[in-house]
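Colleague: Predicted model, plus sequence, below.
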Amino acid sequence: MSHASLTADGSASTVQASGSIDLYDANLCAVAGGTLDFSSVTSLDHVNLFASGGGTLDFSSATSYLGSDSIFTPNTIRADGGGSSIDLSALVMVDGNGGRELNVEAVSGSTIALAGAVSGLVNITADDSVIDVSGVTSLDHVNLFASGGGTLDFSVATSYLGSDSIFTPNTIRADGGGSSIDLCALTILDGRGGRALNIEAISGGTVLIPDAIATGGVMGALKDYGISGDERLPVLIPLFAVHICAESDHSVDTSDSPPCSCLL
C-alpha cells in the first residue's frame with residue numbers, strides 16, 4: 001500500500017489490515033482512542049506514524065523501517081499522551097536512509113516499543129515517557145534524549161557509533177530528575193572522527209556507560225583544541241571524538257553489571 005493517509009479517530013474506530021502488506025509513503029494516525037491494527041504489515045518505507053489521545057498503532061510483525069532518502073523530507077514516529085502507543089517491537093532494522101532525519105518521539109506519558117539495529121540520522125526522544133528500547137541491538141549516528149523523567153534503557157545494545165561527518169555532531173542527553181539513558185551493555189563507543197559525540201547529564205539526569213569505556217577510552221584520553229573563535233572540537237585518541245559533560249563529577253555505580261559510570 002502506498003501514498004495513503006489513514007486515521008482511526010475515536011475509541012470505537014478500528015482500522016485493521018489483513019494479509020502480508022508492505023507500506024510505502026504513508027501517513028497513519030490513531031487519535032482519541034482509535035486503533036490501527038497493522039499487525040500483518042512486514043515492512044515500512046517512508047511512513048509517518050502518529051498516536052495521540054490514547055490511540056494505538058500495532059506493527060508487531062514489521063521487521064524493517066526505512067526512512068526517506070530525501071534531505072527535504074523528514075519522517076516521524078510519535079506517540080503523545082497517556083495510553084497512546086506504537087508497537088514496533090519486532091523490527092530487525094531501522095534505517096534513516098540518509099534523508100533529512102527520522103524522529104522517534106514519545107511524550108506526555110505515551111509509549112513506543114522499538115527494536116533492531118538503528119542507523120542513519122535518527123533522533124530518539126523520551127519526554128515524560130518510556131520508549132522500550134530493550135530490543136535495540138546497535139546504534140549508528142543516533143541522537144538520544146531523555147527529559148521530564150523519560151527513560152531509555154538499551155539493555156542489549158552493544159555498540160554506539162557517532163557520525164563520520166564533520167558537519168553532523170551527535171548527542172546523548174539526559175535532562176532533569178528521573179530522566180535516564182542506560183548504555184551499560186556497550187562494548188564499543190566510538191565518535192568515529194566526526195564533528196563530536198556529546199554525552200550530557202544535566203539538572204539531575206543520569207547517563208550510564210560501562211566503566212571500562214569511561215575510564216579506559218573516553219574520559220581518560222579526552223582533550224580539546226580550538227578551531228576558530230569559540231568553536232571547539234572534542235578529540236579523543238585514538239578513534240573517539242567524545243565530549244562528556246556533567247554538572248558534577250561522575251561517580252561509579254557498581255550496582256549494575258558490568259559496572260557503569262553514572263554522570264549526574
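Modeller: The structure has been received and is ready for your questions.

Colleague: pLDDT below threshold where in the stretch 51-200 of the chain?
Modeller: The stretch 51-200 of the chain contains residues with pLDDT under 70 at 99, 193-195.

Colleague: Just the strands from it, written as ranges.
Modeller: 56-58, 64-66, 75-80, 85-88, 93-95, 102-107, 111-127, 130-147, 151-153, 159-161, 170-175, 180-182, 188-190, 197-202 (DSSP state E, counting those that start in this stretch).

Colleague: The ones you listed: which one's closest to Ser40?
Modeller: If you check each of these against Ser40 by CB to CB, strand 56-58 wins as the nearest, at 9.6 Å. Placement of C-beta: from N, CA and C, glycine included.

Colleague: Mind giving me the packing neighbours of that closest one?
Modeller: strand 21-31, strand 35-37, strand 85-88 (3 or more CB pairs under 8 Å, 6 or more residues apart in numbering; DSSP states H and E).

Colleague: Show me what that strand is in contact with.
Modeller: 28, 30, 34-39, 49, 51, 83-87 (CB atoms under 8 Å, 6 or more residues apart in numbering).

Colleague: ok, so what distance separates Ser5 from Asp58?
Modeller: Taking CB to CB, to the nearest Å as the measure, Ser5 falls 18 Å from Asp58.

Colleague: Compare the two (neighbour count), which wins?
Modeller: Per other CB atoms under 10 Å, whichever of Ser5 and Asp58 has more neighbours is Asp58, with 21 against 9.

Colleague: what sits opposite that one in the beta ladder?
Modeller: On the basis of DSSP bridges, Asp58 is bridged to Asp37, Asp87.

Colleague: Now do the same contact list for the residue nearest to Asp80 when sequence neighbours are not counted.
Modeller: Spatially, and ignoring its direct neighbours in sequence, Asp80 is nearest to Ser52 (4.3 Å; CB to CB, 6 or more residues apart in numbering). If you count contacts by CB under 8 Å, 6+ apart, Ser52 has them with 29-32, 78-81, 84, 110.

Colleague: any idea how far Ser119 is from Ser52?
Modeller: Applying CB to CB to Ser52 and Ser119 gives a distance of 27 Å.

Colleague: one step back: list just the nearest of the contacts of Ser52 to Leu197.
Modeller: The closest of the contacts of Ser52, once distances to Leu197 are taken by CB to CB, is Arg78, at 25.0 Å.

Colleague: Tell me how far that closest one lies from Gly150.
Modeller: Distance, Arg78 to Gly150, by CB to CB: 14 Å.

Colleague: neighbour-wise, which of these two wins?
Modeller: For the pair Arg78 and Gly150, the greater number of neighbours falls to Gly150 (25 against 20), based on other CB under 10 Å.

Colleague: Does the more buried one touch Asp132 like I think?
Modeller: No: between Gly150 and Asp132 there is no contact under CB atoms under 8 Å: 11.9 Å.

Colleague: Can you pull up the most central residue in the chain?
Modeller: The residue lying closest to the centre of the chain (CA atoms, centre = their mean) is Ile124, at 2.7 Å.

Colleague: got the contact list for that residue?
Modeller: Listed by CB under 8 Å, 6+ apart, the contact set of Ile124 reads 104, 114, 118, 131, 133, 142-145, 152.

Colleague: Wait, Glu200 touches Ala174, no?
Modeller: Yes: Glu200 lies in contact with Ala174 (CB under 8 Å); the separation is 7.4 Å.

Colleague: When the two are compared, which one has more neighbours?
Modeller: Ranked by neighbour count (other CB under 10 Å), Glu200 and Ala174 place Ala174 first, with 31 against 19.

Colleague: what is in contact with Arg78 and Gly150 at once?
Modeller: Contacts common to Arg78 and Gly150, judged by CB under 8 Å, 6+ apart, are Ala106.

Colleague: Does the residue nearest to the centre of the chain have any beta-bridge partners, and if so which?
Modeller: As assigned using DSSP bridges, the partners bridged with Ile124 are Val104, Leu144.

Colleague: One more: Phe50?
Modeller: In beta-bridge terms (that is, DSSP bridges), Phe50 pairs with Cys29, Arg78.
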